[in-house]
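Colleague: Coordinates for the following, if possible.
(2 chains)
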Number of protein chains: 2
Amino acid sequence: MTVHKPHLVVVGSVAIDWIITPRAERPESVGGSATFFAMAASYLSQVRLVGVVGRDFPDYAVADLKAAGVDVSGLEVVQDGLTFRWKGQYHENMNDRTTLETHLNVFEKFQPRLPAEFRGSEYLFLANIQPRLQSDVFAQMQRPRLVGLDTMNLWISIANDDLKAVLKNVDVLTLNDEEARQLSGEHNIVKAARAVRALGPRNLVIKRGEYGALLFDADGEVFSAPALPLEEVVDPTGAGDSFAGGFMGYLARPGVEPSGASLRTAMIYGSVMASFCVEGFSYDRLKGLDAATIQKRFETFASLTNFARASLT
Amino acid sequence: MTVHKPHLVVVGSVAIDWIITPRAERPESVGGSATFFAMAASYLSQVRLVGVVGRDFPDYAVADLKAAGVDVSGLEVVQDGLTFRWKGQYHENMNDRTTLETHLNVFEKFQPRLPAEFRGSEYLFLANIQPRLQSDVFAQMQRPRLVGLDTMNLWISIANDDLKAVLKNVDVLTLNDEEARQLSGEHNIVKAARAVRALGPRNLVIKRGEYGALLFDADGEVFSAPALPLEEVVDPTGAGDSFAGGFMGYLARPGVEPSGASLRTAMIYGSVMASFCVEGFSYDRLKGLDAATIQKRFETFASLTNFARASLT
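Modeller: The predicted structure follows:
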């Protein structure tokens, strides 16, 4: 008997970043939401990547994605263009950052087209790109079982209607807390979550960086996933995308039903992959992993929140 | 057979606050670190309070403490003085606050003297007061089983040597993350925790407000306690002291050994009591509790972090 292996499509940015942290600098750091997502999810399920790069995108990065088992047949290479580039500097707290430069390059005219064999995939993640493109991609899919979406403050500001349109098709939305407040107009996080879920997404994940993440699920339950206190954060870039990769990657595994219980476990795999991501520049640390190393960190997360019940009554 | 009930002494401030929040105002709000601690701990163990008030301190507050089972024979009343008063305003996020007025009044010359029958108590919590007074109190105790201590940024700045002296006698220190950074000179929280523990306290609790709390224990293990996402925060004043009350109150229960495992459970009772505290002004919400209500919220915390194990291997 062969087990059918579902497929997970991710559409998002593929980039070359220039990262400056208080302690180090990496001028040509391969990044982008789809890249981090795919590298993280590749350990858990069958990933199909859709994106665009220019002629400057390094061959080794495509080889790394392939070696991780990612199907890159949806990665368009524009020979007369350059890859999306972002230059950013992290502050001393390694949380806040300043964007120094953004060059959209080939990303500016990106029109994602899914290869025919991608369209029947069961799982879809719409990483952070223009909401109208996210809708276009959704329309190209046949009937995905579960759709996840990420976005950012820019689209909440300048493409609010487009964003609200695509959100109607989304099962799980991931936002950070500021984005949840901006999208809902509510400061309190519980009220913000309720207002955001009323826009369509049955499940909402609120990412809080070094404070972990909250899940507000379709049954109205709340789950709090911790972040692992790390002694050395090398580069936080891609942590949220790696979280989404671990999260969706777990949900896309054979036999996993997208219920509240499996979403909780998925939150931990997301947290695990984010914790690896920040330990290196680019996807350096994500690249060399194996199932045993990932599973060991999963157990570390379990121990981090484990406590014995007691009773006063 | 009678079970011996250990006693828990708390020394700290007893105050009349004037609280302003974005949505309400309470001009005569009974507060103070020892008050919140005692009200919270009273549901879990036998609390003995040491503090000072002036002639303006309301009788009903003393009656409330007594009704909660708190031994107030160590509460000194100075008839020719006024109670410590603090006026503060919370910002829209209900996290940051501005101190508008501080009147030390009788607190300025406070010299805590423990009643003779308090001195043999098994548990001691030195709430946030001058470090030299904390040392004086410690010296008056015979041989406490477990000593907890809280402090603040002011003492780290102006009484650093005195603080470091008293820390040598402390088993559990509670700080917020900024204080841990200030005391250690380390920004990274794991490094900060290691440096703080090297000053004496075998166990360190780092309080992170709406993000919960971390325990770095004597065995080098880390535990992450969530905060309960609340829809309505009325007044955050006293949350940290209520946390400490629930935490120490659990550890001071008959039969509870102060190991890493019980410290974790204590962290949850601390989080439970903090979550009640912020639902009302002053100790309004702490006052009307019972064991069943507390236990029910303990279960809510358990469900908040509960997830099913899975394996990739």
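
Colleague: where in the stretch 51-200 of chain A is pLDDT low?
Modeller: Within the stretch 51-200 of chain A, not a single segment meets pLDDT under 70.

Colleague: go with 90
Modeller: Regions of the stretch 51-200 of chain A meeting the criterion pLDDT under 90 cover residues A:92-96.

Colleague: residue in it nearest to chain B?
Modeller: The nearest approach of the stretch 51-200 of chain A to chain B comes at residue A:190, 4.3 Å away (Cβ to the nearest Cβ). Glycine gets a C-beta too; all of them are placed from N, C-alpha and C.

Colleague: so what's that residue closest to, chain neighbours aside?
Modeller: Leaving aside its sequence neighbours, residue A:190 sits nearest to residue B:231 (Cβ to Cβ, 6 or more residues apart in numbering or on different chains; 4.3 Å).

Colleague: Run a quick neighbour tally on the one you found.
Modeller: Residues contacting residue B:231 under the criterion other Cβ atoms under 10 Å in any protein chain shown number 11.

Colleague: now residue A:60
Modeller: Using other Cβ under 10 Å, residue A:60 has 10 neighbouring residues.

Colleague: So what's the gap between the helix or strand it falls within and the chain middle?
Modeller: Assigned by DSSP states H and E, residue A:60 falls within helix A:59-67. Centroid separation for helix A:59-67 versus its chain: 19 Å, with Cα atoms, centre = their mean, to the nearest Å.

Colleague: same check, this time on stretch A:203-212
Modeller: Chain-centre distance of stretch A:203-212: 12 Å, with Cα atoms, centre = their mean.

Colleague: Is any residue of that stretch near chain B?
Modeller: Yes: counting by Cβ under 8 Å from any Cβ of the partner chain, chain B has neighbours in stretch A:203-212: A:208, A:210-212.

Colleague: Of those, which is the most crowded?
Modeller: Within the residues of stretch A:203-212 next to chain B, neighbour counts (other Cβ under 10 Å) peak at residue A:212, which reaches 25 neighbours.

Colleague: Check the gap between that residue and residue A:243 for me.
Modeller: Using Cβ to Cβ, to the nearest Å, we find residue A:212 at a distance of 10 Å from residue A:243.

Colleague: again with residue A:193
Modeller: 17 Å.

Colleague: now swap in residue A:270 and tell me
Modeller: Taken as Cβ to Cβ, the span from residue A:270 to residue A:243 is 4 Å.

Colleague: Which neighbours do these two have in common?
Modeller: Shared contacts of residue A:270 and residue A:243, defined by Cβ atoms under 8 Å, 6 or more residues apart in numbering or on different chains, are found at residue A:213.

Colleague: Mind exporting the C-alpha coordinates of the helix ranked longest in chain A to PDB?
Modeller: In terms of residue count, the longest helix belonging to chain A (DSSP state H) is helix A:260-277. Only the C-alpha atoms of helix A:260-277 are listed here, as PDB (Å, rounded to 0.1, in the frame of the first residue of the first chain):
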ATOM      1  CA  GLY A 260      -8.000  22.500  16.400                       C
ATOM      2  CA  ALA A 261      -5.800  19.800  17.900                       C
ATOM      3  CA  SER A 262      -3.600  19.400  14.900                       C
ATOM      4  CA  LEU A 263      -3.400  23.200  14.500                       C
ATOM      5  CA  ARG A 264      -1.900  23.300  18.000                       C
ATOM      6  CA  THR A 265       0.800  20.700  17.100                       C
ATOM      7  CA  ALA A 266       1.400  22.600  13.900                       C
ATOM      8  CA  MET A 267       2.000  25.800  15.900                       C
ATOM      9  CA  ILE A 268       4.800  24.000  17.700                       C
ATOM     10  CA  TYR A 269       6.400  22.800  14.500                       C
ATOM     11  CA  GLY A 270       6.100  26.300  13.300                       C
ATOM     12  CA  SER A 271       7.900  27.600  16.400                       C
ATOM     13  CA  VAL A 272      10.500  24.900  16.000                       C
ATOM     14  CA  MET A 273      11.400  25.900  12.500                       C
ATOM     15  CA  ALA A 274      11.400  29.600  13.400                       C
ATOM     16  CA  SER A 275      13.800  28.900  16.200                       C
ATOM     17  CA  PHE A 276      16.200  27.200  13.800                       C
ATOM     18  CA  CYS A 277      15.800  30.000  11.200                       C
END
